[in-house]
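Asks: Make a model of this:
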Amino acid sequence: MIGLAPRDVILAWRERRGNKSGNQSTASYHECPVLMPPGWASRFPAWSASRLWSVAGKKVRGLGSKISGLVVTSPHYLPLVRLAKQYVPTFYYCSDDYAQYAGWGSDVMLRLETEIVRQVAHSFFVSTALAERAVKDYGVPTDKVSVSPNATSDDFLKPVAEEDLRALLARHPQLRRPLVGVVGGINERLDFELLLKCSSLREIGSLVMVGPIAANLNNKAFDQLRQHPHCVFVGAQPHAELRAWMQALDVALIPYCESRFNQSCSPMRLFDHLAAGRPIVATAACAQVGEFANVVRVGRSSDEVLSYLVEECRRISDMVDIERRRILAKKNTWATRAENLKRVLHTGNH
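Replies: Just a heads-up that it's a prediction; the model follows:
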């Protein structure tokens, strides 16, 4: 398998000066960076499609093989799909509601996505909400659409030694148990009013925020949260340490606020928290989280979320419940997703 990685030539030059290397090639996956002019997707769509297809063919021939199918991951690749479908089956993998991306243009994205799902042999969406939109609004037959949510990796299923968890928390001596944690990007998608109330609960020792803070985050409740004595921001952490952070928590919190984007998203943090096995409390802002209500306590209001947090902080960890979450996580790994995708792709190639 090869993965085309179009790179704006100016951004690539800046990354090279910063000694940043993003190549993810493995024995079975060959990443192929392709330098492109600024604005290539919108300014030069036909030329860009021809260049990407040419580079892909050359790379595959160099490996002694031929292209048997094409998967695209953005509506911007519609011209490439139109070109490639003359020769091989084409597929679309949608990982987000791109119409909600700032600067992408919602009407343009919806128009492009409508066309691309009608052109390809099959489309994969990370959530039921996005797949249902394709069927209802784009008029795509249900047998040409699949739901393939995000997932966790086998690494997150591995238990972290107790002494390693203690060493991790010792780096932040201000943390107190019970420890409630939010792990992932800290941005406008979170309900900071709720988090502020969470920090003030007497039953909580500390609220720890693990993850990078979005630039230019302008939110009064967020500013107050940063000053709260019971809330600790530890910043972005190495990916290898996220598993330990998740297992160090007493309660995991997924505090999404209400928005169209959150409602249709597929949060990777959900599956990683399931792998950690710790109790999970979440808002009802994400439909996919609600699909796991048998192992996640989903609050329909701020008061209900806070009530669930208090209950979970008072409870002694139940090993049966922990294992139940981990068993579910084992069914939702990237390896499992890959096998399911491969099955559909293979069908589309014949």
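Asks: would you list every one of the strands in the stretch 201-350 of the chain?
Replies: Counting by DSSP state E, counting those that start in this stretch, the stretch 201-350 of the chain has strands at residues 206-210, 231-235, 251-254, 280-283, 297-299.
Asks: The stretch 51-200 of the chain too?
Replies: Ranges of strands within the stretch 51-200 of the chain are 70-72, 90-94, 122-125, 145-147, 179-183, based on DSSP E, counting those that start in this stretch.
Asks: In TSV: the strands of the stretch 201-350 of the chain, plus mean neighbour count.
Replies: Heads up, the C-betas are built off the backbone N, CA and C, glycines and all. Shown next, in TSV, are the strands of the stretch 201-350 of the chain (neighbours: other CB atoms under 10 Å):
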stretch	mean neighbour count
strand 206-210	23
strand 231-235	16
strand 251-254	26
strand 280-283	24
strand 297-299	18
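Asks: can you redo those as a markdown table with mean pLDDT and distance to residue 2?
Replies: Below are the strands of the stretch 201-350 of the chain laid out as a markdown table (pLDDT from 0 to 100; distance: least, CB to CB, whole Å):
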| stretch | mean pLDDT | distance to residue 2 |
| --- | --- | --- |
| strand 206-210 | 98 | 34 |
| strand 231-235 | 98 | 35 |
| strand 251-254 | 98 | 35 |
| strand 280-283 | 98 | 37 |
| strand 297-299 | 98 | 40 |
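Asks: Kindly reformat the ones you listed as CSV containing distance to residue 178.
Replies: Listed next are the strands of the stretch 201-350 of the chain as CSV, based on distance: least, CB to CB, whole Å:
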stretch, distance to residue 178
strand 206-210, 8
strand 231-235, 14
strand 251-254, 7
strand 280-283, 12
strand 297-299, 15
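Asks: Mind checking those strands for the one nearest to residue 120?
Replies: Among the strands of the stretch 201-350 of the chain, the nearest to residue 120 by CB to CB is strand 251-254 (31.9 Å).
Asks: helices or strands next to that closest one in the packing?
Replies: strand 179-183, helix 268-276, strand 280-283, helix 302-314 (3 or more CB pairs under 8 Å, 6 or more residues apart in numbering; DSSP states H and E).
Asks: Please compute how far that strand lies from its chain's middle.
Replies: Offset of strand 251-254 from its chain centre (CA atoms, centre = their mean, to the nearest Å): 16 Å.
Asks: Kindly report the same for stretch 224-237.
Replies: Chain-centre distance of stretch 224-237: 23 Å, with CA atoms, centre = their mean.
Asks: Give me the residues contacting that stretch.
Replies: 172, 174-176, 186, 192, 195-196, 199-200, 204-213, 245 (CB atoms under 8 Å, 6 or more residues apart in numbering).
Asks: So the residue nearest the centre of the chain versus residue 173, what's the distance?
Replies: When CA atoms, centre = their mean is applied to the chain, the residue found nearest the centroid is residue 268 (4.4 Å). Distance from residue 268 to residue 173, counting by CB to CB, to the nearest Å: 30 Å.
Asks: sorry, back to before: report the contact partners of the residue nearest to the centre of the chain.
Replies: Applying CB under 8 Å, 6+ apart to residue 268 gives the contacts 150-152, 184.
Asks: re the thing from before, okay, the strands of the stretch 51-200 of the chain in TSV with mean pLDDT next?
Replies: As requested, these are arranged in TSV below (pLDDT from 0 to 100):
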stretch	mean pLDDT
strand 70-72	97
strand 90-94	98
strand 122-125	98
strand 145-147	97
strand 179-183	98
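Asks: Turn these into TSV, including distance to residue 297 and mean neighbour count.
Replies: Below are the strands of the stretch 51-200 of the chain laid out as TSV (distance: least, CB to CB, whole Å; neighbours: other CB atoms under 10 Å):
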stretch	distance to residue 297	mean neighbour count
strand 70-72	36	21
strand 90-94	29	23
strand 122-125	26	24
strand 145-147	24	18
strand 179-183	13	24
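Asks: out of those, nearest to residue 54?
Replies: Counting by CB to CB, residue 54 lies closest to strand 70-72 out of those; the figure is 13.2 Å.
Asks: Residues contacting the closest one, please?
Replies: For strand 70-72, contacts defined as CB under 8 Å, 6+ apart pick out 56, 80-81, 84-85, 88-93, 116, 120, 345.
Asks: Can you say which of the contacts of stretch 224-237 are buried?
Replies: Those of the contacts of stretch 224-237 that meet the buried threshold are 175, 186, 192, 195-196, 199, 204-211, 245, by 16 or more other CB atoms under 10 Å.
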